[in-house]
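Visitor: A structural model of the following input is requested.
(one chain, ligands or ions: 1)
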Amino acid sequence: MTRIMAKKSGATAKKLEQTKKAPAGQKGAAKTSAAGNPLLAPWNTPFEMPPFDKIKTRHYMPAFEVGFEENIAEIDAIAGEKAKPTFANTIEALERAGRRLEDAAGVFYNLSSADTNAEMQKIEREVAPRFAKHGMRVYQNAKLFQRVDALMKQRKSLGLTLEQSRVLERYHRSFIRSGAALDAKSRKRMAAIAQKLATLGTKFGQNVLADEQDYLLVLENEQDLAGLSPALRAAASQTAAERGHKGKFAISLARSSVEPFLQFSARRDLREQAFKAWRQRGAKGGKTDNRKLIAEILALRAERSHLLGFKTSADAALEFTMAKRPANVRKLLMQVWEPARERAREEREELQKAVVAEGGNFEVAGWDWRYYAEKVRKTKYDVDEAEVKPYLQLDNVITAAFDVATRLFGLKFTERTDLPVYHLDVRAFEVTGKDGRHVGLFLGDYFARPSKRSGAWMSGYRDQYKFDGEEVRPIVVNVNNFPKGAPGEPSLLSLDDARTLFHEFGHGLHGLLSDVNYPAVCMTSVEKDFVELPSQLYEHWFMHPAVLKKFARHYKTGKPLPEALLEKIKAARNFNQGFATVEYVTSAIVDLDLHTLEEPDGLDVDKFEKKVLGRIGSPAEIGMRHRIPHFQHIIGGYASGYYSYMWSEVMDADAFKAFEESGDIFNRELAKKLHDYIYSAGGTQDPADAYKAFRGRLPTPQALLEKRGLA
Ligand SMILES: [Zn+2]
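Guide: Residues are numbered from 1 along each chain as shown. Model prediction:
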């Protein structure tokens, strides 16, 4: 369930922007290094795509240097403005500043996640603290803060629209959160913490990737392949070929490689090996170990929140969310935890029976769960994941995701092979509206490769906004880690992979349909516990028979998914939900507990993990979906925020129910409301108000419990 990642530098609150206008750079030094740098020149490409074919790694640092310098000049000009502060001369001016820096950073941070290399990683390590320092130079600028603060104080009398008022609030918040209102000594400390955190966070991610790149389980012979379907063998053969073992089979630590292996491999010893390697990412000892690092990160975060007057990091992080307080998060998680654990206990008993029935003389362990769950699924519901996969060809699932968007929102998708992309596997689609109007560009980067961070995410090269009399349309990207098919064979997805595709595409639509005026309230600024609503809600359409029947077609025969199999999938929908809920909620509770520590200095991560899991009675054979040493969500933007998926799920379950109750899952009236209040509204309104406008009331957790079969 890896979701939107923090893609931007965080240097300023502004977003990516078109580059039609000639850049300002008047300074001599900037001019010289700008010459011939495609990151700094206007992007004269179709749709002003980043000129990927011209951008070389050596272009990034000079572009950042120019960007920093230019942005500081802009900031100084706004701060030094003689006229009294107004929304136009301060906030709108800030919205205009820092564009070239954002453009360059947008390209760099997208590629450092999706297609990195040692050189990019080196730049990433160098530049992370520089961006943090730059952000502090902007948001600790005392004169600038005075102007924003003055506006905030008279906000009610400025005649602002709701959107403008929220833009102002966001800027004010960024200044406060950077320590602008603190004394000089604390400000200095805040700046030092920001730089240190940027460095540590970069290292954390690179360590996880290094551990993933370091591991490959090579399957040497027929015995090693026991239990694997032809499709899985094809994927394993492809993985081996890509990693220099042509002619063999191999399992990597990408979720889409290791998880099916754990589900189907009859070799308990190999399952154990793969499982342990997967769990040990970031905790292998040596140079790539993240355990001390995360303790240091937590201590710095706690110190920062104390300086800002909060008791804990979680209190600070949750202030501007729908949940508001750690206690509210804990309440929701515990409401779900008890029934989930009870269900998981029942599930475990069934698995143990399956072990015994096979003549096994062992207790179900972590590396057994998926394997025996698959067996029980097969006996109890007669659904075999391997039987479903041939019906879930990647191309068809992409088409299905597009088709749902056509039926709900009238969008059209046209593949463009004439655009420069950053990797041969990347596909580009132009998106148009009902009237043929250009809506944006959608990039799909679907396959796993060693240069890609694990997980799945949506990000953007440019956000939508309408400002200064022109409308800028977005360029969004979905990045997944699906296995390629063998040469000549299509890529086949599991149900879970296909759902992930819909999930990320839901985020993509949130970016594409955005209709806001100011960059500061674009889709990526939406509250974290609301931003998973458009994505998780979209998953519901994939699982609906009306969609599955049409697009799930056998890749060889073209025949639709048999009615009987569909029925079985439906019946099996709540199967193993105890497991899924427990592994997710465990991670969410650990995240919350980590960030509600008042004094995390010198934390022993292993002991802490054990203690929390013991306290809540987490079943050892399930454990956490993401263990602390590779929990990338809590390094990126989801610190104290992993609960967000469940918070949003309360809403997505309740929201889809509205469509079901209407008797038409493409109900026009509801789709219009969904468009107007959720998918196109960005951060222009309070999330609770947005939901009420769509549904007529706030949601309750009931629909979520029903959806997971825990009610
Ligand atoms: Zn997501």
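
Visitor: so what does the host helix or strand of Q146 touch, helix or strand wise?
Guide: Assigning secondary structure by DSSP states H and E places Q146 in helix 142-153. Judged by 3 or more C-beta pairs under 8 Å, 6 or more residues apart in numbering; DSSP states H and E, the packing partners of helix 142-153 are helix 60-79, helix 162-177. For the C-beta atoms, the positions are set from N, CA and C on the backbone; glycine is no exception.

Visitor: Out of the ones you listed, the one nearest the ion is which?
Guide: Smallest distance to the ion across the helices and strands packed on helix 142-153 (C-beta to the ion): 21.4 Å, for helix 162-177.

Visitor: mind listing the strands for the protein?
Guide: Shown for the chain, the strands assigned by DSSP state E span residues 217-219, 249-251, 412-416, 427-432, 438-447, 457-462, 465-467, 470-472, 475-482.

Visitor: re earlier: could you redo the helices and strands packed on helix 142-153 as TSV and give each row distance to K378, mean neighbour count and mean pLDDT?
Guide: Formatted as TSV, the helices and strands packed on helix 142-153 follow (distance: least, C-beta to C-beta, whole Å; neighbours: other C-beta atoms under 10 Å; pLDDT from 0 to 100):
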stretch	distance to K378	mean neighbour count	mean pLDDT
helix 60-79	51	20	97
helix 162-177	51	19	96
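
Visitor: Tell me the buried residues in stretch 52-62?
Guide: Buried residues in stretch 52-62, defined by neighbour count with 16 or more other C-beta atoms under 10 Å: F52, I55, H59, Y60, M61, P62.

Visitor: if I pick the second one, what's in contact with it?
Guide: By C-beta atoms under 8 Å, 6 or more residues apart in numbering, the contact set of I55 is P38, L39, V107.

Visitor: returning to that earlier point: what's the closest of the strands of the chain to the ion?
Guide: The nearest among the strands of the chain, by C-beta to the ion, is strand 457-462 at 7.1 Å.

Visitor: who does that closest one pair up with?
Guide: strand 475-482 (antiparallel) (DSSP bridges).

Visitor: and the partner strand with strand 427-432, angle?
Guide: Angle, strand 475-482 to strand 427-432, by axes from the mean of the first three to the mean of the last three C-alpha atoms, to 10 degrees: 140 degrees.

Visitor: just how off-centre is strand 475-482 within its chain?
Guide: 10 Å (C-alpha atoms, centre = their mean, to the nearest Å).

Visitor: Over to stretch 375-385?
Guide: For stretch 375-385, the distance to the chain centre is 31 Å (C-alpha atoms, centre = their mean).

Visitor: what's next to it, contact-wise?
Guide: Here stretch 375-385 makes contact (C-beta under 8 Å, 6+ apart) with 260, 263-264, 350-351, 354, 374, 494-495, 565, 568-569, 571-572, 575-576.

Visitor: Buried ones among the residues you listed?
Guide: Counted by 16+ other C-beta under 10 Å, those give 260, 263-264, 350-351, 354, 374, 494-495, 565, 568-569, 572, 575-576 as buried.

Visitor: Look up the closest residue to R177, ignoring the ones flanking it.
Guide: L308 (6.8 Å; C-beta to C-beta, 6 or more residues apart in numbering).

Visitor: Please list all residues in contact with the closest residue to A448 other than its chain neighbours.
Guide: Excluding its sequence neighbours, the residue lying closest to A448 (C-beta to C-beta, 6+ apart) is N481, at 4.0 Å. With contacts taken as C-beta under 8 Å, 6+ apart, N481 has the following neighbours: A254, R255, S256, F447, A448, K452, S454, G455, A456.

Visitor: dump the residue contacts of the nearest residue to the last one once chain neighbours are set aside.
Guide: Right, A456. Once flanking residues are discounted, A456 sits nearest to N480: 4.6 Å by C-beta to C-beta, 6+ apart. Neighbouring residues of N480 by C-beta under 8 Å, 6+ apart: D445, Y446, F447, A448, A456, D497, T500, L501, E504.
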